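Student: Fold the following, please.
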Amino acid sequence: MTARWVVDEVQPARDLNITWQPISLLFKNEPAPDSDYYAPVKKTHQLLRVMESVRASEGDGAIGGLYWEFGRRIHHDRDRGFDVTAALTAVGLDVAHAAAFDDESWDAEIRTRMDAGLALTGDDVGTPIIALTDRAGQKQAYFGPVITRVPPTEDALAMWDALTTMMNVEGFWELKRTRTQGPEFGERP
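Tutor: Numbers count the residues shown, from 1 in each chain. This next block holds a predicted model:
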């Protein structure tokens, strides 16, 4: 939902240049292979391998469409077992990237990119992480915001502006409340 907020509402009004970076919940949380959590995070980790294969050959710009296609299939279609080649085809990418799904050689790149984000926030965070350059020219990042729905445009922009303001306040670290609602994905985009 945070990604939808940034792309659908904020990016057009604030002229953002977005670079998608991976965070592997398999690496981050290291679940036991026999836990219920393991299979879903292993699958999303394998999807990150495919995304890194695409990035390596097509550049950062090709990642967004694939990210949305994976998200549509997982969140809107509720299909975690989808065929990766079908997703690649749906966004016009070479199906040869599907070979990366089981290729552990992509894990080093995922780890490097993930660690770069965690170096900005610290390790006691999850996803999403948003990183920006503050007015002093320093890269800053926060975990969150975690939202359950995309706010209307006026609120979406106010929330973005508040986030960027907080990134410029030295000593500001955290703002949180307990979540009582799940995500509302809406119609399949």
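
Student: Any buried residues in the biggest helix by length in the chain, and which?
Tutor: The longest helix of the chain (DSSP state H) is helix 38-58. For helix 38-58, the neighbour count (16 or more other Cβ atoms under 10 Å) marks 41, 43-55 as buried. (C-beta placed from N, C-alpha, C; glycine too.)

Student: which residues in the chain form strands?
Tutor: 129-133, 139-143 (DSSP state E).

Student: And for residue 22, the neighbour number?
Tutor: 24 (other Cβ atoms under 10 Å).

Student: In contact with it: list those residues for me.
Tutor: Residues near residue 22 by Cβ atoms under 8 Å, 6 or more residues apart in numbering: 48, 51, 52, 110, 113, 114.

Student: now with 6 Å?
Tutor: Contacts for residue 22 (Cβ atoms under 6 Å, 6 or more residues apart in numbering) come out as 48, 110, 113, 114.

Student: Other residues contacting the longest helix of the chain?
Tutor: Against helix 38-58 from outside (Cβ under 6 Å, 6+ apart): 22, 24-26, 31, 62-63, 66, 70, 80, 84, 93, 97, 100-101, 106, 109-110.

Student: switch to 8 Å and redo it
Tutor: Taking Cβ under 8 Å, 6+ apart as the rule, helix 38-58 contacts 20, 22, 24-27, 29, 31-32, 62-63, 66-67, 70, 74, 80, 84, 88, 93-94, 97-104, 106-107, 109-110, 113.

Student: Mind checking which of those residues are buried?
Tutor: Buried members of the contacts of helix 38-58, scored by 16+ other Cβ under 10 Å, are 22, 24-27, 31, 62-63, 66-67, 70, 74, 84, 88, 93, 97-98, 100-101, 106-107, 109-110, 113.

Student: Distance of the residue nearest in space to the middle of the chain relative to residue 3?
Tutor: Closest to where the C-alpha atoms of the chain average out (Cα atoms, centre = their mean) is residue 128, at 5.7 Å. Using Cβ to Cβ, to the nearest Å, residue 128 is found at 7 Å from residue 3.

Student: Then residue 187?
Tutor: Distance check for residue 187 against residue 3: by Cβ to Cβ, it reads 16 Å.

Student: Looking at those two, which is more packed in?
Tutor: residue 3 (17 against 5).

Student: How about the contacts made by the more buried one?
Tutor: By Cβ under 8 Å, 6+ apart, the residues touching residue 3 are 67, 71, 128.
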